[in-house]
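Chemist: Sequence first, then the predicted structure, then my questions.
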Amino acid sequence: MSGRHPGLYPLRLTALAKPLVFGGQAIARRLGKAGLPEWSIAETWECSDVTGAVATVREGPLAGRSLREMVADRPEELMGPGWSGTYFPVLTKFIDASGVLPVHLHADDEAARRLEGQPNGKTEAWHILDAAPGATALCGVREEVTAGQLRAALEAQEFDGVLRRLPVRAGETVYVPGGTLHSFGPATLVYEIEQTSDIQQHAMRWNMEDGSPVGDEEFAANLDMLMRQVDLASRPEFTPGLRIAAGDGVERVFLTASRYFALERWTAGTAEPLRHAFTTAQILTNVGAPVRVRSGAWSGELGRAETLLLPAVLGEVEITGPADVLLGYLPDLDRDVHAPLLTAGRGLEDIAAPLAEPESGGTPRTDGGGAP
């Protein structure tokens, strides 16, 4: 413990529950997340530093401190050596698409800065936790559809003629770059990881907050902005990820990875604990039964659908099985993704296909712009 600050430990954060019209009660009833209100919940923001929805520490010596304050006060202890920034760069959510999400997109970095006055856009990935048989998602514009054809179809609210409809299966993941038109649901439960942002443009004649109608003038303005941001060439695909053994009965699956974020799913039996060393902050989310977690000098239980933020300075985590958990983080791609896959005998050709790496690789650093 330093003279100025208590030592860092695994942080339980407040989770914002959002009652949007497409939601239901699957996060509580199917995942087992406790403490949610009885009314319909569409999303819980498990780790958020979005302005207006900044998480705070719930317990321990740092209780009441916001994630934004933690980033400002202790950036390298939280995020790792050499990191600097004004906000935590990764946002994670559970999403209950009991109904159908609106057709929408999120700006990429360039469009966010040029058109929205935001420091970054919102590239995201969806990991499917559960989906009804026959569930589908809209993701990307069909080949050879022109901007004019897309605009006309959106005006008519006729989506299937211009957007790709993909099958959705539990355990698969899709990386969705900024600028990609998309929607999913109904009967789909998703864990989403993304850049820290709430930027979006909708193509619907109704508001997702309460279902109220969108007037003609507002709808036209929404489509104008959406068409300036859409990437007609973005056509993502679902993938199963890359699996490697990480111990006796311990499996590590790289679900997706880019310079913006990486997501892994780890499972363990009872032969030996899940053990993982890390050098960047880890968002640990439990998607299975309650588990016992040890990191640094701290140990405690992580319940169903609960999240811990593990500061980089802790360096390691041990989880007693049976366990089924997700780890999200801001990666150094060579160190955190390529190296362990190559060590496990996976070739570069295996790595490139299911893992998304934008063309301007490397680990991003914020440039001091305003928080999203």
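Modeler: Okay, I see it.

Chemist: Against Ala34, how distant is the nearest residue to Leu223 once chain neighbours are set aside?
Modeler: In space, and not counting its chain neighbours, Leu223 is closest to Leu154: 5.8 Å by C-beta to C-beta, 6 or more residues apart in numbering. C-betas here are computed from N, CA, C, even on glycine. According to C-beta to C-beta, to the nearest Å, Leu154 and Ala34 sit 40 Å apart.

Chemist: same deal with Phe88?
Modeler: Distance, Phe88 to Ala34, by C-beta to C-beta: 24 Å.

Chemist: okay, these two: which has more neighbours?
Modeler: Phe88 (27 against 9; other C-beta atoms under 10 Å).

Chemist: contacting residues around the nearest residue to the more buried one once chain neighbours are set aside?
Modeler: Distances taken as C-beta to C-beta, 6+ apart place Asp49 nearest to Phe88, at 3.8 Å, with adjacent residues excluded. Applying C-beta atoms under 8 Å, 6 or more residues apart in numbering to Asp49 gives the contacts 55, 67-68, 71, 87-89, 91, 196, 371.

Chemist: can we see that at 10 Å?
Modeler: 13, 55, 66-68, 70-71, 85-91, 196, 371-372 (C-beta atoms under 10 Å, 6 or more residues apart in numbering).

Chemist: Which ones among these map onto helices?
Modeler: 67-68, 70-71 (DSSP state H).

Chemist: buried subset of those?
Modeler: Among these, those scoring as buried are 67-68, 70-71 (criterion: 16 or more other C-beta atoms under 10 Å).

Chemist: any chance of those in TSV, with pLDDT and distance to Gly23 too?
Modeler: Below are those laid out as TSV (pLDDT from 0 to 100; distance: C-beta to C-beta, whole Å):
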residue	pLDDT	distance to Gly23
Leu67	98	24
Arg68	98	27
Met70	97	29
Val71	97	29
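
Chemist: Could you export these as CSV, including distance to Gly249?
Modeler: Shown next, in CSV, are those (distance: C-beta to C-beta, whole Å):
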residue, distance to Gly249
Leu67, 34
Arg68, 39
Met70, 35
Val71, 36
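
Chemist: any idea which of those residues is closest to Trp39?
Modeler: Trp39 lies nearest to Leu67 out of those, by C-beta to C-beta, at 26.0 Å.

Chemist: What segments of the stretch 51-200 of the chain are helices?
Modeler: Applying DSSP state H, counting those that start in this stretch to the stretch 51-200 of the chain gives helices spanning 67-73, 75-79, 109-115, 147-156.

Chemist: Next, format these as a markdown table and append distance to Val176.
Modeler: Output for the helices of the stretch 51-200 of the chain, formatted as a markdown table (distance: least, C-beta to C-beta, whole Å):
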| stretch | distance to Val176 |
| --- | --- |
| helix 67-73 | 24 |
| helix 75-79 | 24 |
| helix 109-115 | 14 |
| helix 147-156 | 17 |
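
Chemist: Of the ones you listed, which is nearest Ala289?
Modeler: It is, among the helices of the stretch 51-200 of the chain and with distance given as C-beta to C-beta, helix 67-73, at 27.2 Å.

Chemist: Could you measure from Val174 over to Ile351?
Modeler: Val174 is 17 Å from Ile351, by C-beta to C-beta.

Chemist: Show me which of those two is the more surrounded one.
Modeler: The neighbour comparison of Val174 against Ile351 (other C-beta under 10 Å) goes to Val174, with 25 against 18.

Chemist: In contact with the more buried one, which residues are there?
Modeler: Val174 neighbours (C-beta under 10 Å, 6+ apart): 124-128, 137, 139-140, 166, 168, 180, 182, 184, 190, 236-239, 255-256, 356.

Chemist: now the nearest residue to it once chain neighbours are set aside: how far from Trp45?
Modeler: Leaving aside its sequence neighbours, Val174 sits nearest to Phe238 (C-beta to C-beta, 6+ apart; 4.6 Å). Applying C-beta to C-beta, the value for Phe238 to Trp45 is 24 Å.

Chemist: Between the two, which has more neighbouring residues?
Modeler: With neighbours defined as other C-beta under 10 Å, Phe238 and Trp45 compare such that Trp45 has more, 24 against 18.

Chemist: just checking, the more buried one touches Ala17?
Modeler: Yes: judged on C-beta atoms under 10 Å, Trp45 makes contact with Ala17 at a distance of 8.1 Å.

Chemist: Touching the longest helix seen in the chain from outside, list them.
Modeler: Ordering each helix of the chain by length in residues (DSSP H) puts helix 216-229 first. Applying C-beta under 10 Å, 6+ apart, the contact partners of helix 216-229 are 103-108, 110-112, 114-116, 121, 147-148, 150-151, 154-155, 157, 178-179, 181, 199-207, 213-215, 230.

Chemist: So in that sheet, which strands flank the helix or strand following it, and in what orientation?
Modeler: In the C-terminal direction, the helix or strand that comes right after helix 216-229 (DSSP states H and E) is strand 238-239. Strand 238-239 pairs in its sheet with strand 173-176 (antiparallel), by DSSP bridges.

Chemist: Show the average pLDDT along the partner strand.
Modeler: Taken as a whole, strand 173-176 carries a mean pLDDT of 98.

Chemist: can you check stretch 264-278 too?
Modeler: 97.

Chemist: Quick one: end-to-end distance for that stretch.
Modeler: End-to-end span of stretch 264-278 (C-alpha to C-alpha, to the nearest Å): 13 Å.

Chemist: buried ones in that stretch?
Modeler: Neighbour counts using 16+ other C-beta under 10 Å place 264-268, 273-274, 276, 278 of stretch 264-278 among the buried residues.

Chemist: What of stretch 169-186?
Modeler: 172-185.

Chemist: Among these, which one sits closest to Val337?
Modeler: Of those, the one sitting nearest to Val337 (C-beta to C-beta) turns out to be Tyr175, at 13.1 Å.
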